[in-house]
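show me the folded form of this:
(chains A, B and C)
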Amino acid sequence: MNISMKSGVSTAEWSDGPWDVALVGPAVDERGRAAIEFAKSRTGTTIVLEYRADSFTFLVDGRSIEADELSTGLPNLASAAFLLESTTLGFVEVFLACRALVRAGTNGFHLAYVEPKEYKTPRRREVLYRRAFELSSEVPGYRAIPGAAVILTDRRPQHGVFFLGFEERRLDVALEDFQTLRPSNCSVVFGVPAYKPGWEAHAFANNVRVLETKRLSGGVHFCGAENPAGAYEVLLEIKASLEKDARMVVAPIGTKPNGIGAALFAALHPEVGLLYDHPKRSAGRTEQISRWHLYHIGL
Amino acid sequence: MALTPRSGERFRVPRDGHLYHEDIVERCHGFINCGIWEGLDKNLLRTWLTNFRTDEERYFAACVLDALIFRSEKQTISLFRHLFLRVLPDLARLEPGHSDALIDAHRKLKRAESPVEPGMRLVSATKSSDPPSKSSPTLLRQLKRHLQIDENWMIKPGDIASCLSNGIRVFVFIDDLLGTGDQFKLLVDDEGLLPAITSSYVAYCPLAAHRKGIAALNSAMPLLKIRPVELLDERNEIFDPSANCFDDGLNSAESAELFYYELLQERGIHLASCDRRGYGGLELAYVFHHAVPDNNLPILWWDRSPDWKPLFVR
Amino acid sequence: MSTATDLRRVFSQNRAEELGYDVWQHYVVPPFYQELDLTAARKPRLIIGGRGCGKTMLLRYLSHQTMFSATRPTIPTDALTHIGLYWRADTQFASAMSQRGIPTDTWDAAFSHMAAVILGMEVLNSLTSIASSSCDAVCSEQLDQLDFHRLLVYSQKLAPAFRDLHPKLEEMLWEFQSWVNDVRGRTQPAFLPGSKFLQSLIKEIQRQIPSLQNAMFFVYLDEYENLDLRQQQIVNTWLKHSQTPLIFNLAMKRNAFDTLATTGPEALSDIHDFRTHDLEQDFLEDNFPIMAAEILLLRFALAGVPDLPIEPDVLRDPEKIDLRRTQDYRRAAISAAKALFPGLTNKELATTIFADGALSNQLRRRIERALSRRNGGTVQDFFRPAFPEASVITPALLSRPSTSPDDVRSEIEKLERGEDNKFTGATNWIHNNLVASVLQLYEPQSRACPFYAGFDAFCDLSRGNIRHFLELCYKSLNRDTSSAKPPIPPAEQAEAARQASAALLREVKSFGRKGNQLHDFVFRLGTLFMLAHQRPSLSESEQSHFTILRGTSDLSEEDREFFREALKWSVLYEYKGTKKKSEQEPETTEYVLNPIYAPFFHISYRKKRRLEITTDDVICLIRGKYSEVTELLRRYSGKWGLEGEELNPTLFPFVEPDSL
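Numbers count the residues shown, from 1 in each chain, chains lettered A, B, ... in the order given. The predicted structure follows:
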């Protein structure tokens, strides 16, 4: 498997495409709308894909299908050229789509991602809340993803890997809820370099309290925040360092590109479990567009 | 409802400033304990904090610490990986030429049982006259150790000529910070590198670069391809309003800057005009575990006054 | 000799999960332990408590790993009649066992199977614990001779030998996991029949090891509320049909019992089928100070501090609870705790104002401002360092239309002369107004008020939450500026309380689905109370709780659900009201903000006067936009006569910068 990546200030820099099928999600902001427009402009068919965590189903262009049967809802997985618009698609959609493509035996596919220029911090002037972010309105909580569900237990060595983002609650909830995941067996990954130098401090500041109080000691790792290949490499390294029968559980609660790396890793290593909390993204949480990224996965 | 600070107002501690200071100090200790800021000396942090005696000084220090970017060794290695995975491939695509060597560069440069000529060289940004303590060789050592780069493909500027005569056309300069560009210009002059820059494919890829330095080098040597891993601008300059370091509803970047000058004066940190804010007036708080560029605010590294203890030792 | 580091270390571990399953060394048996009657019980128990009230610690204490701990010197003979099996269901995995095009009864059987496998392994583990303990009922040779071939009727994949059965059950668990992940692609494994399997397993053990013939097993299912509804119904069914030798017990947060239904026709009945113990409500409120003192002193003992009025071995032993019930013992323990974390008397609190330049200036300014709106009197009339308590409350008195400056002055003079007066006499001005006045003076600089210091204050702030209590102690000991050797100065404790309060407030975001909304609500409500505390007249002082008055809108179902969440996570507590202020009130429920957030908002942690808020305002606080909330706060500020200098400019920290 190889991942090649390109970025640009606008999509005019790329001549890639056209693709046969684009998978997109609903747009909550300008970025999402621009991303979908790009996808539509270079694709034959656009399919809107939305995962519903409560019922383990997908809405595929409004039609409901079981998550376990996603591949029946997507056309020509093995032969068509796919573009996954990952700005608007959620993590679960990306993961299950990647898995379906891998299982169908495709040669490769593309993913697109649009970086935000700013994240909103309404409380900036209150010094204690300088780095408070409201990125999700409601977080249903950790629910299994069919296909990557893992029984968390201390009967067998398990190692958790958390990709961390701006919201501290997500790591806190995971560790509070899953007490069989021993903190000594949990690693964290921060996005450095971040989208902009200094943004990583939001992730550092908002997670350090939990890291300290819960005493995570499985190691701190870093990889580029907009770098799926970097994320994939970190996961490979961690996996190589584990005991033979240890199970790896990955929680992609950081950036979307790191989530893409995690999704690919889980799709290609079926014994790896995923922990995800399905946040509902708040509208208007980000402003404007910074850079565009196109990733090609060659299988 | 709230006040808009008028210029000329003194720097003051806002509501909860006291708690904020404690929070930030606790946070910094947390960063060190958890390994996020591995390599930052806790004792130096403690003694640096004793420099700040009044409530206003302590609050000011907290704002600076809040903005501080410290690149530990692990973070630095991540920046290097990013260089090979993202920066060089994008460079090759946007500035074609002899750039094929840059594609898959890491694999080509890695140590192998039977080494194959990669068609490019990594160059340390050190002048022959520089002391051994300059940071660029340290960076190359890290590349060798952590990214398994074959040291045969790592050279000094003085070796460029002989590489050229052996048919190598692609050179990537490795450095930690490009600030004003003055140092690199000096390097190019001293080592006579301009002809090589003009005639072959020379890239300068510092781990971090300030936009001002990039602009300066672009105008001096337009054919040099500059691609940093991290791009710094006004938002990383401590006293620029867009950095929001002092945006607390009570103070302004301006009042903070005036307060800062008074502090320097009082403590015997005597520097000329814009150098009070770091070389080139860049006002940075961006430090590597192995090097403290002098573009950073002197309060972070000044060790020549008996009344001031540095946080970082240069 | 203990060092500061040792103390910090023993106080930093305040979570059950950090201690593992064997908590014998650390657990202080609560004074109400015998009332819980857990070990003798045959009826299932429902144990209710929020995070930090000791629920998980108690369950771990009751589990076989602790009851038969290798470090436990002697084990009572009746211990075998209570073998605890702790099970914290992996609810994220369990969530995948629903819908997905698979029939409900298949998932029902799957869930029971999972329980059988996991609890089966726990039963076997418990035998190993017993054999390794000082209990001589079972030795490991006897375990090796166990023959479970009769169980193979349930599945050929099981193994007859004791040492082989556990690994086989484990394999079944992983096979089960693979099937759940790929229900379409893999063959469904044969399911074990839930509690029937467990009953059979236990019966075999009882039959083959005579000393265990009366062994009883108690399952403690923790965090039941995180299972989905159908799974809860299955568990309810086990509860309803619990019988020896296997009794099911549940633990959950308050307000978390979503359904009493079972999978059969009869629902659970809370009188017949189980007994409830609300750890916070029934017990901790009366016993908390002594429990807190004992836990505190045990930690100090573990750090090597000598001469403490407690014995670790006595604290750990349920047989020795009576030794800890005497008045003398309680007095000694609580005094020792107070000596380690001293607080300030009201007089000392008032004196701190005069001892600090900024605070005494604040007092002068407030007196001046109050006088500027009245006739007569100078600041010096009321600013009297010799009578700090009286002086401190004068700004409030002078702001009341009903009290003239002359009245106040004459009462101070009576006080000076030692005559009966309204400050200390029946009217008791000082008693009613001192705390609120002191808080008011500390607030503008956002300084930590020593009102939050002291063992008593820490108990009140924690309100039965041991974790909060230990957090306050830990932060006090951990402060850079203190030598961390007791006694800890009140000023340091107050700062620690503020820090702990701020940290615990941030944690609200992680409280379930509505965490972000709960956090905003606490912030808004806390700010409203903060404003109330700034009222110049303090006519209603120390308002830290509220009742709801009927307004033009009604609370929606979603709003009521939100209240239930707030109660479940102990962000709010509810009380039946004391007295109705007016006939408008439809209900008399009072809602108290968790006192641990009081230091952050500079408000009182005591339950004194209540604030009446209309439904419309409550709805705004729960789900109003930023602009609506700012408008609400401005309205109250106006109503309470707060203006200009009384309001710190950054008082509305959540306001969007653009709208300022």
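
please count neighbours and contacts with C-alpha atoms only from this point.
OK.

now the end-to-end length of stretch B:186-204.
14 Å (Cα to Cα, to the nearest Å).

what strand or helix carries C:D108?
Assigned by DSSP states H and E, C:D108 belongs to helix C:104-132.

by contact count, what packs against that helix?
helix C:64-67, strand C:83-88, helix C:140-144, helix C:162-181, helix C:194-208, helix C:229-240 (3 or more Cα pairs under 8 Å, 6 or more residues apart in numbering or on different chains; DSSP states H and E).

swap the cut-off to 7 Å and go again
helix C:64-67, helix C:162-181, helix C:194-208 (3 or more Cα pairs under 7 Å, 6 or more residues apart in numbering or on different chains; DSSP states H and E).

neighbouring contacts of the first one?
Right, helix C:64-67. C:21-24, C:60-61, C:83-85, C:126, C:129 (Cα atoms under 7 Å, 6 or more residues apart in numbering or on different chains).

can you check stretch C:558-575 too?
C:50, C:253-256, C:511, C:518, C:589-594.

for A:P116, which three-state class applies?
Recorded secondary structure, A:P116: strand (DSSP: H, G, I helix; E, B strand; the rest coil).

ok, B:L250 next?
Three-state assignment for B:L250 (three-state DSSP): coil.

tally of neighbours for it?
B:L250 has 22 neighbouring residues, counting by other Cα atoms under 10 Å in any protein chain shown.

next one: C:W569
Quick note: C:W569 (other Cα under 10 Å) scores 23 neighbours.

do you know the pLDDT at it?
pLDDT recorded at C:W569 is 93.

ok, the contacts of stretch C:558-575 vs chain A, which is closest?
C:F511 (7.7 Å; Cα to the nearest Cα).

so who does that closest one touch?
C:W569.

any buried residues in the strand or helix carrying C:Y575, and which?
Assigned by DSSP H and E, C:Y575 belongs to strand C:572-576. By 16 or more other Cα atoms under 10 Å in any protein chain shown, the buried positions in strand C:572-576 come out as C:572-574.

dump it to PDB, restricted to CA.
Output in PDB follows, covering the C-alpha atoms of strand C:572-576 (Å, rounded to 0.1, in the frame of the first residue of the first chain):
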ATOM      1  CA  LEU C 572     -27.500  20.100  40.300                       C
ATOM      2  CA  TYR C 573     -29.100  18.600  43.400                       C
ATOM      3  CA  GLU C 574     -32.700  18.800  44.200                       C
ATOM      4  CA  TYR C 575     -34.500  19.400  47.500                       C
ATOM      5  CA  LYS C 576     -38.100  19.600  48.400                       C
END
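
quick check: what element follows that strand along the chain?
strand C:589-593.

so for that next one, mean pLDDT?
Rounded mean pLDDT across strand C:589-593 is 93.

tilt between that strand and strand C:572-576?
150 degrees (axes from the mean of the first three to the mean of the last three Cα atoms, to 10 degrees).

so what touches strand C:589-593?
C:544-547, C:571-577.

number of nearby residues for C:Q380?
12.

what strand or helix carries it?
Counting by DSSP H and E, C:Q380 is part of helix C:379-382.

chain center to that helix, what's the gap?
45 Å (Cα atoms, centre = their mean, to the nearest Å).

do stretch A:272-287 as well
The answer for stretch A:272-287 is 8 Å, by Cα atoms, centre = their mean.

straight-line length of it, end to end?
Note: stretch A:272-287 ends 35 Å apart using Cα to Cα.

let's see the pLDDT reported for C:D480.
57.

ok, now the one 5 residues further on?
C:K485 is assigned a pLDDT of 69 by the prediction.

and for C:E557?
pLDDT, C:E557: 94.

what of C:V392?
C:V392 is given a pLDDT of 94.

tell me how many other residues surround it.
33.

what packs against the host helix or strand of it?
Assigned by DSSP H and E, C:V392 falls within helix C:388-398. Counting contacts by 3+ Cα pairs under 7 Å, 6+ apart, helix C:388-398 packs against helix C:346-355, helix C:357-372, helix C:429-442.

how about a cut-off of 10 Å?
Judged by 3 or more Cα pairs under 10 Å, 6 or more residues apart in numbering or on different chains; DSSP states H and E, helix C:388-398 is in contact with helix C:346-355, helix C:357-372, helix C:379-382, helix C:405-417, helix C:429-442.

got the angle for the last one vs helix C:346-355?
Looking back up the chat, that one is helix C:429-442. Using the same axes, to 10 degrees: helix C:429-442 against helix C:346-355 is 40 degrees.

tell me how far helix C:429-442 lies from the chain's centre.
With Cα atoms, centre = their mean, you get 28 Å for helix C:429-442.

any idea of the mean pLDDT for that helix?
92.

tell me the first helix or strand C-terminal of that helix.
Using DSSP H and E, the first helix or strand after helix C:429-442 is helix C:455-462.

beyond that following helix, next helix or strand please.
helix C:466-478.

tell me how far that following helix lies from the chain's centre.
For helix C:466-478, the distance to the chain centre is 13 Å (Cα atoms, centre = their mean).

and it with chain A, contact?
No: using Cα under 10 Å from any Cα of the partner chain, helix C:466-478 never reaches chain A; the gap is at least 10.5 Å.

list the helices and strands that helix packs on?
Counting by 3+ Cα pairs under 10 Å, 6+ apart, helix C:466-478 packs on helix C:4-12, helix C:285-302, helix C:455-462, helix C:490-507.

which of these sits closest to chain A?
helix C:490-507 (7.2 Å).

can you name every helix or strand that the closest one contacts?
helix A:168-177, helix A:200-213, helix B:17-34, helix C:455-462, helix C:466-478, helix C:515-533, helix C:598-601.

doesn't A:Q288 lie inside a strand?
Yes: A:Q288: assigned to a strand according to three-state DSSP.

quick one: B:F11 and B:P310, what's the gap?
Here B:F11 is placed at a distance of 23 Å from B:P310 (Cα to Cα).

who has more neighbours out of those two?
B:F11 (23 against 20).

next one, pLDDT for the residue nearest to the more buried one when sequence neighbours are not counted please.
The shortest distance from B:F11 to any non-neighbouring residue, by Cα to Cα, 6 or more residues apart in numbering or on different chains, is to B:S255 (5.4 Å). As predicted, B:S255 sits at a pLDDT of 96.

ok, now A:K214?
Reported pLDDT for A:K214: 87.

show me what contacts C:F529?
C:523, C:542-546, C:593, C:598, C:601-604, C:610-611 (Cα atoms under 10 Å, 6 or more residues apart in numbering or on different chains).

if we go to 8 Å?
C:543-544, C:601, C:603 (Cα atoms under 8 Å, 6 or more residues apart in numbering or on different chains).

quick check, nearest of the buried residues of strand C:572-576 to chain A?
Closest to chain A, out of all of the buried residues of strand C:572-576 and judged by Cα to the nearest Cα, is C:L572, at 19.8 Å.

what about the closest one, distance to C:S462?
Separation of C:L572 from C:S462 (Cα to Cα): 13 Å.

same question, C:L397
32 Å.

spatially central, which residue of the chain would that be?
Here I'm looking at chain A. A:G259 (2.4 Å; Cα atoms, centre = their mean).

sorry, should have said chain C
Chain C, centroid-nearest residue using Cα atoms, centre = their mean: C:N465 at 3.5 Å.

touching, that one and C:C53? I think so.
Yes: at 4.5 Å, C:N465 counts as touching C:C53 under the criterion of Cα atoms under 8 Å.

any common contacting residues for these two?
C:E280.

quick one: secondary structure of the residue nearest to the centre of chain A?
Secondary structure assignment for A:G259 (three-state DSSP): helix.

nearest residue to it other than its sequence neighbours?
A:P252 (5.1 Å).

give me the neighbour count for the one you found.
25.

what does the stretch 101-250 of chain A put close to chain B?
A:124-128, A:192-193, A:196-198, A:201, A:204-205, A:208-209, A:211-212, A:216-217, A:219-224, A:227, A:229-230 (Cα under 8 Å from any Cα of the partner chain).

make it 7 Å
A:125-128, A:192-193, A:197-198, A:205, A:208, A:211-212, A:220, A:222-224 (Cα under 7 Å from any Cα of the partner chain).
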